[in-house]
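Enquirer: Based on what follows, work out the 3D shape:
(one chain, ligands or ions: 1)
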Amino acid sequence: MTKVSDLDTPAVTIDLDIVEANIRRIQDRLDGFGIANRPHIKTHKLPQMAKLQMDAGAVGITCQKLGEAEVFADAGVADDILLTFNILGVPKTDRLCALIKRLKRMAVVLDNETVARGLSEAGMRNGVDIRFLIECDTGFGRNGVQSPQAALDLAQTVMKMPRMQFEGLMTFPIKLPDTRQYLERSLQLFGGAGIPVPVVSGGGTPAMTLAGEFPMLTEYRAGTYIYNDVMQVTAGAATWDDCAMKVRVTVVSRPTDNRIILDAGSKVFTYEQYYAKGYGRIVEYPEAAISGFSEEHGVCDFSQSKRKPEVGDVLNVIPNHCCVVTNMMDEVYGVRRGEVETVFPVAARGKVR
Ligand SMILES: Cc1ncc(COP(=O)(O)O)c(C=O)c1O
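Expert: This is a model prediction of the structure:
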């Protein structure tokens, strides 16, 4: 067996003990709330990880892109997929219909009539019914209808289109008090119109502790919780010990006393920052900061660290946002207690279409 210490750098390692603990903890939490778990696979893009999530009790998976859903359907790890993205254009809507035919259940979100019309036409063309959820913008300011009334109006319009079956409401991320008020009001309006809402889907790792305060949620979509990262620790959703992904890097230069250069830059970590101060946490030197990147260079400021690494030292970095690092790598290494247990080719890497 290869030792982790023998892995050439840069290498992305995933601690499998931590992954298993993260999966168990979040499944138990959602079970405690009585909310079904529908993990988002964009974090790992690995059918093997989805299988662990399904075996632990998930009801199905969430994918952001059709290409991801195709990879996971091919792998046969889940026969119930929610696609949380507006699907537009004949090539994609036909691919969606092909997936619907293969899976036990597949649903898609939408937030406007143009998308709905395209889906309806594809449903007629391909002879399939399309289950849809209305995406609601409950405060995040991304996709989504802007009010409970707009959710009802759109649902009623789309339900009249051939082959379209209303399944429920979806939002990301949940937030107090706005999301709760929005969903409560929506359910009142749908109830008043006599329209059952079987699914109310919420999501987001940082807000998961709040999920119990949303009694209307039937399912929850969290992604990042399986690996965790600087963003989740900063948000209070995880501890450093819960971070399963670490990027092994080598110190390739120390041009000044306090400037240390790593052999990984934006082509490994990307520039995601969110609420973090730098661009990743160096496990062995938490006082130091990754202050910037070139494509293949990580530039570190060690002025706040009394200890300094030498050229040739290997360090471990917890990335700011693990989900984007996944998409940068051909493979990641599943490790356990210092040994490489599995090499995972990142099956859905680059599946952004
Ligand atoms: C629609 C949707 N649902 C769920 C998630 C999962 O969020 P998180 O990674 O915070 O768990 C995301 C993340 O981007 C998302 O866009």
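
Enquirer: going forward, measure contacts between C-alpha atoms and count neighbours the same way
Expert: Fine.

Enquirer: tell me, what residue is most central in the chain?
Expert: residue 223 (3.5 Å; Cα atoms, centre = their mean).

Enquirer: what kind of secondary structure is residue 167 in?
Expert: Following DSSP: H, G, I helix; E, B strand; the rest coil, we place residue 167 in the strand state.

Enquirer: does the ligand sit close to the top helix by length along the chain?
Expert: Looking across the chain with DSSP state H, the single longest helix is helix 16-33. No - using Cα under 6 Å from any ligand atom, helix 16-33 stays clear of the ligand, with a minimum separation of 10.8 Å.

Enquirer: and the stretch 201-350 of the chain, which residues reach the ligand?
Expert: So the stretch 201-350 of the chain meets the ligand at 203, 204, 205, 206, 221, 222, 223, 224, 225 (Cα under 6 Å from any ligand atom).

Enquirer: run the last query once more with 5 Å
Expert: For the stretch 201-350 of the chain, the contact set with the ligand under Cα under 5 Å from any ligand atom comprises 203, 204, 205, 221, 222, 223, 224.

Enquirer: will you turn these into TSV that also has pLDDT and secondary structure?
Expert: Shown next, in TSV, are those (pLDDT from 0 to 100; DSSP: H, G, I helix; E, B strand; the rest coil):
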residue	pLDDT	secondary structure
203	98	strand
204	97	coil
205	97	coil
221	98	strand
222	98	coil
223	98	coil
224	98	helix
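
Enquirer: Helices of the stretch 51-200 of the chain, start to end?
Expert: 66-75, 90-102, 113-126, 148-159, 178-192 (DSSP state H, counting those that start in this stretch).

Enquirer: Turn the ones you listed into JSON lines, columns for distance to the ligand.
Expert: Shown next, in JSON lines, are the helices of the stretch 51-200 of the chain (distance: least, Cα to the nearest ligand atom, whole Å):
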{"stretch": "helix 66-75", "distance to the ligand": "13"}
{"stretch": "helix 90-102", "distance to the ligand": "17"}
{"stretch": "helix 113-126", "distance to the ligand": "17"}
{"stretch": "helix 148-159", "distance to the ligand": "17"}
{"stretch": "helix 178-192", "distance to the ligand": "14"}
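
Enquirer: Can you add mean pLDDT and mean neighbour count and give those helices back as a markdown table?
Expert: Converted to a markdown table, these look like this (pLDDT from 0 to 100; neighbours: other Cα atoms under 10 Å):
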| stretch | mean pLDDT | mean neighbour count |
| --- | --- | --- |
| helix 66-75 | 98 | 20 |
| helix 90-102 | 98 | 17 |
| helix 113-126 | 98 | 19 |
| helix 148-159 | 98 | 19 |
| helix 178-192 | 98 | 17 |
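
Enquirer: is it possible to export those to CSV including distance to residue 297?
Expert: As requested, the helices of the stretch 51-200 of the chain are exported to CSV (distance: least, Cα to Cα, whole Å):
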stretch, distance to residue 297
helix 66-75, 30
helix 90-102, 38
helix 113-126, 42
helix 148-159, 47
helix 178-192, 41
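
Enquirer: ok now the helix or strand following the longest helix of the chain, how far from the chain's centre?
Expert: Later in the chain than helix 16-33, the nearest helix or strand by DSSP states H and E is strand 36-37. Centroid separation between strand 36-37 and its chain, computed with Cα atoms, centre = their mean, to the nearest Å, is 15 Å.
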